[in-house]
Each structure stands twice: as C-alpha cells, then as structure tokens.
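this one's structure only:
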C-alpha cells in the first residue's frame, strides 16, 4: 500500500485535524465527520442524526438559507453528506482555490447554526426526512426488510436495533428543545474530525483552519457513548413480511463482529467467497447451475461496536423459497464442514486489496477513509495495518468463522407478495 504523508493535530477546542497533501491534481476535498450516528440515539428518540444531516444545509448565522450550495457551486465545488449507525459525514470536493470558502462554510454551520435553528426550519427538514423514509423504506420494494431484521437480531435496547432514518413516530415527536439539545451534545468541535486531502499548502490550510474553527467553543455537554451487552440468539427466528413486491426474497442474518476486530477481515472475505461475484459459491450453484435464483448476495456489515452477516436470495418466478433454502443451506454446510479453496481465498483477497486502493485513489474517498480510521482506531494512518488484516487470513480462519457465525442461530426473514 502507498505511504501517505499525513499530519494530525488537535485545536485547543478539541477539533481533530488531519491533513494529507496530494499535488497530483488541482483538486481538494474537505470532510467533517461528526462522531454521532443512529447508535448514539435512544429508543423513542431515533432519527436525530439523519435529521441533522439535512438541517445542517439550512443555513447558519452568516450563511443565508440556500447560499451554502449556491456559493460552493459558483466556485466549481460540490458537496454532500451521509449518516450511518456510527457517524455523520459532511464533505465537499472542489478546485484547489475554493478551499478557504469550504472551510469557512463548514466552520460557520458548526459554530453558528444554533442561533438560526427555528421550529419552522426543523419542521421543513422533518417533512423532507419523512418523505425520504416513505420513498426509501415504506414504499420501496423490500424497503422494510433491513429494519425488521435489526429489530429481530438485536435486543430492543441495543443501539443497533433501529434503522438510521428513524421511525415516523419518533420524528413527529421530536421537539425543538430535543433537537437543540442533540446539536449541543454532538455537533461540537471536540466531537468531530476535520480532514483535508488534495492540492493545498499545509501552512495556509492551518492558518485558515485556526481562523475559522479556533473560536468555536468546546461542547458543554459530554456525549454519552453507547455500549452493547454481550448476547447470543437463543434460537433461530423465522419471520414473514408481506410487501408490494412481485417476487419473494429471503434474508438470512447472523450476529457478527465489530469493525477491525480479529474475525472481521475473515468475515469480509467469506462474504465475497459466498456471493461476491459470478464465480462465487452461491451464485454458481443457485443462479448459474441450478437456475433457482435471480440473484444472491452476501455482506459482512461491521459497525463500530458490533455487526451482522447477511445472505440475501431472490428466487426465480415459480421457484419456492423452500427449494432455494434447501440448496443454500447445503452450500453453507459445505463451507462449514470442508472450508474453501486456496484459489477462492486468493481471489477474495485480491479483490479486497483492489477495493482498498480504489478508496484511496480519489481525494473524496480518501478523506472518508482517513476520517473513519481516525475515529474508530485512533489514527488516520491505518492503511497498511488494514491491508495486513486480509493478508494474514488463512483457510483455517475462513472455515472457523463460517462455523462460528454461520453455524450459529440466525434470523430468517421472507418477504412475500401481498395476498
């Protein structure tokens, strides 16, 4: 892996700054990753982190409504944001000369958004988020599957048992005071990482960062980090969900591990071996040879504190889910009992290495990776160690994690057409 020239320091108000100059192209990316996601919420008050992903674009004390996007676009820049269970990330990518503007805009909404946060503005974005939920979950084919699985797989008080977008009831119940308190707690410099990657002079960037962010006070309320209690599923859980779909779809979910834990890399590689490409175990058997399924996928979802491992299969028309399940279980048993081949492990490892290099190729993706490394493992310079995790996975490791996790109790959700 390439060695990245990274500088990391902390402002007196607690803001962590990561600088990574790269003069190969006249572009730069700015990212502020707030250490808050849906896992930092509590039951009955879900959806706040994602709601703030939207509210942060509503303008701040020195940036009128609508000008954040307009001023950046006038400078040739673009911006976006996303929310996960663990973080909320805001980012811009732009020509190098627009860097001072992006830093100033991000600082203004970090330090001076609260005075402009009215109930009317919150209500506007509350309705936007509700419509997004309708579009992506409530009215989307198979859209409710993920939150149904999370609620069944984790205990009700577990911070990963609800979806990132939150529930309609919780969004409606959120008061202006609730929202303001959430902002004061989590959107402070001492709960964020600022990353700048690309074509810039470090001395100039440090000057602008100190001028724009240095006067923002530390958060007065210390965030309460979520904790998870160890648990195991006592038995298999089988669920059926009716939806407006044409074909049934079967979801298998097992309790997994948190990101960067010892078994995480092996589970990533196992997911690819099972259903990562057209030569994978499950695709070859279910889609190509037996022609029982239209598609099949597998994923190791690793969160900051825990995770889940999923396999998803859509049977072909007139093929029963029972027939698909029988063949799939036989294939999973083969991996548990006999392991995988060296060729399969080598291919999965090569694909993972390529994916990691791809994430480092562009300044925007690289800023994302460095910010996440810094929050989760405490240093942005973790690229080589990350790769080594996959290089050290053995055939025995793959078989062991298959036996340990796929061999354990699971949640099986079948989404079926209504009526």
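It's in. Small disclaimer: the values here were computed from a predicted structure and weren't measured. Numbers count the residues shown, from 1 in each chain.

Any regions of the stretch 151-300 of the chain where pLDDT drops low?
Filtered on pLDDT under 70, the stretch 151-300 of the chain yields no residues whatsoever.

which residues of it fall in helices?
For the stretch 151-300 of the chain, the helices defined by DSSP state H, counting those that start in this stretch cover 168-173, 176-186, 202-213, 264-275, 281-282.

pretty sure residue 303 contacts residue 40?
No: the criterion here is CB atoms under 8 Å, and residue 303 misses it with residue 40 at 11.9 Å. Where C-beta positions appear, they are placed from N, C-alpha and C, glycine not excepted.

Looking at the two, which one has more neighbours?
Taking other CB atoms under 10 Å, residue 303 and residue 40 do not tie; residue 40 has more neighbours (23 against 20).

distance of the residue lying closest to the more buried one once chain neighbours are set aside from residue 310?
Nearest non-adjacent residue to residue 40, counting by CB to CB, 6 or more residues apart in numbering: residue 226, 5.9 Å away. Distance, residue 226 to residue 310, by CB to CB, to the nearest Å: 22 Å.

neighbour count winner among those two?
A direct count of neighbours by other CB under 10 Å for residue 226 and residue 310 places residue 310 higher, at 23 against 18.

Residues in a beta bridge with that one, which ones?
residue 253, residue 299 (DSSP bridges).

got a list of what it touches?
By CB atoms under 8 Å, 6 or more residues apart in numbering, the contact set of residue 310 is 149, 251-254, 298-299, 301.

right, and the pair among those with maximum separation?
149 and 298 (14.1 Å; CB to CB).

Share the number of residues neighbouring residue 98, please.
The local packing of residue 98 (other CB under 10 Å) involves 20 other residues.

most tightly surrounded among the helices of the stretch 151-300 of the chain?
helix 264-275 (a mean of 24; mean count of other CB atoms under 10 Å).

Tell me if residue 92 really is in a helix.
No: counting by DSSP: H, G, I helix; E, B strand; the rest coil, residue 92 is not part of a helix but strand.

ok, now how distant is it from residue 192?
Separation of residue 92 from residue 192 (CB to CB): 15 Å.

Over to residue 164?
With distances taken as CB to CB, residue 164 is found 19 Å from residue 192.

Other residues contacting stretch 227-244?
Applying CB under 8 Å, 6+ apart, the contact partners of stretch 227-244 are 139, 141-145, 148, 152-155, 158-160, 255, 305-306, 408-419.

ok, now stretch 93-103?
Here stretch 93-103 makes contact (CB under 8 Å, 6+ apart) with 26-30, 71-72, 75-79, 92, 196, 198-200, 205, 208-209, 212-213, 363-364.

Kindly supply the PyMOL command isolating those of the residues you listed that are buried.
Selection of the buried residues among the contacts of stretch 93-103 in PyMOL, burial being defined by 16 or more other CB atoms under 10 Å:
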select buried, resi 27+28+29+30+71+72+75+77+79+92+196+198+199+200+205+208+209+212+213+363+364
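
Thanks a lot, see you next time.
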